[in-house]
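> Below: sequence and its predicted model.
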Amino acid sequence: MDAETAKLIAAAFAIGVGVIGPALAVGKIGAAAADAIGRNPEATSKIRTNMILAMAFAEAMAIFALLITLIIKFV
Amino acid sequence: MIHISLHPEELFTIGGFTVTNSIVVSVAILLFFAGIGVIMRRRFALIPGMAQSIAESGIEALLDLMDQVLDDRKKSEKYFPLVATIFLFVLVSNWFGLLPGFGSITLQRGEGFEPLFRSPSTDLNFTLALAIISVLAINIIGIGTIGVAKHMRKFFDVRGPVEFFVGILELISEFVRIVSFSFRLFGNIFAGEVLLVVTQFLLPYILPVPFILMETFVGLIQAFIFAMLTLVFISVAVEDHDEHEHIPEKRSSY
């Protein structure tokens, strides 16, 4: 296996494995938010704001993996 | 081939100082804000006009949001300039990258092309600088509010072995903050621009439209997160741990 092939495999592997955690996290955040809204519909707007904030944090992890992928691919 | 580069392109140098395309745009943003500030200041009136009303209601909304974190309007007003500046600057530099002309207007360089404009948020130097400013400001505000000795005790605590290791962890997390601040913003905005370029190649003109809308939203969220995190860290840094130990209930929204 030459270096270019290894790079491509590493890039695909990095993003593929890297998004598992954030995907689980975003799902869990969404589930918890839906649960909370179901219990207390009056707090929907507050819950939604916090949900989006928490999702952005979880998403940042996926973005880190994506960055590593881009660095492997292009640098 | 799709043009993607992690680093900003150098346009020209002024006396050894390299001017990159992201610096050009961030200076433009600076002038944009300075212009708005000067114009607003000149038109400042007791009975507000439309622009002043919009600005005032925006400031009110942000202050109300800060009150939720700090529980104190005086404190909110004290830290408002830093937080609001970070928010507006990051927001506008995120959104500038979505304007037409960014990445498409190029300069010929030898055999290749270099884009003339680049959103500052897609330059790691810019986000790193903002992150360092933010973390330094947090620590300086902490020192200014509770004193050097008490602030340093958070990091170098010799009252016991457990406190000592907690202090070391605090110190490390302070540096990790710089990394996560800068990479979160850079990664999100850069990945967004890459996404837009790729969708442009997959299905030109149609597919990028929903993604541009999404990137507008992501830009807003990331600016909000950067400012909000700075605020939350400030609110932690100005807290005097020795004083609050006896209060059983501490209200906090975040």
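Looks like it arrived, so ask away. Residues are numbered from 1 along each chain as shown, chains lettered A, B, ... in the order given.
> Tell me how many other residues surround the closest residue to chain A within the stretch 151-254 of chain B.
Residue of the stretch 151-254 of chain B nearest chain A, by C-beta to the nearest C-beta: residue B:187 (3.7 Å). C-beta coordinates here come from the backbone N, C-alpha and C atoms, glycine included. Residues near residue B:187, counting by other C-beta atoms under 10 Å in any protein chain shown, number 25.
> Verify the contact between it and residue A:56 for me.
No: with contact defined as C-beta atoms under 8 Å, residue B:187 does not count as touching residue A:56 (11.5 Å).
> tell me which parts of the stretch 51-200 of chain B are close to chain A?
B:180, B:183-184, B:186-188, B:190-191, B:194 (C-beta under 8 Å from any C-beta of the partner chain).
> Could you pull out the helices in chain A for me?
Here chain A has its helices, by DSSP state H, at A:3-18, A:20-39, A:44-74.
> returning to what we had before: quick one: contacts for the residue of the stretch 151-254 of chain B closest to chain A?
By C-beta atoms under 8 Å, 6 or more residues apart in numbering or on different chains, the residues touching residue B:187 are A:60, A:63-64, A:66-67.
> what helix or strand is it on?
Secondary structure assignment for residue B:187, by DSSP states H and E: helix B:161-202.
> Distance of residue A:49 relative to chain B?
Separation of residue A:49 from chain B (C-beta to the nearest C-beta, to the nearest Å) stands at 9 Å.
> Which residue ranges of the stretch 101-250 of chain B form helices?
According to DSSP state H, counting those that start in this stretch, the stretch 101-250 of chain B carries its helices in the segments B:124-146, B:148-153, B:161-202, B:208-237, B:241-244.
> Of the ones you listed, which is nearest residue B:16?
The closest of these to residue B:16 is helix B:124-146. By C-beta to C-beta, the value is 16.5 Å.
> hmm, who's touching stretch B:160-172?
Outside stretch B:160-172, the residues that touch it by C-beta under 8 Å, 6+ apart are B:153-158.
> Sorry, wrong one. I was asking about stretch B:41-51.
B:40, B:52, B:56.
> okay if I get those residues as CSV plus pLDDT?
Formatted as CSV, the contacts of stretch B:41-51 follow (pLDDT from 0 to 100):
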residue, pLDDT
B:40, 87
B:52, 87
B:56, 90
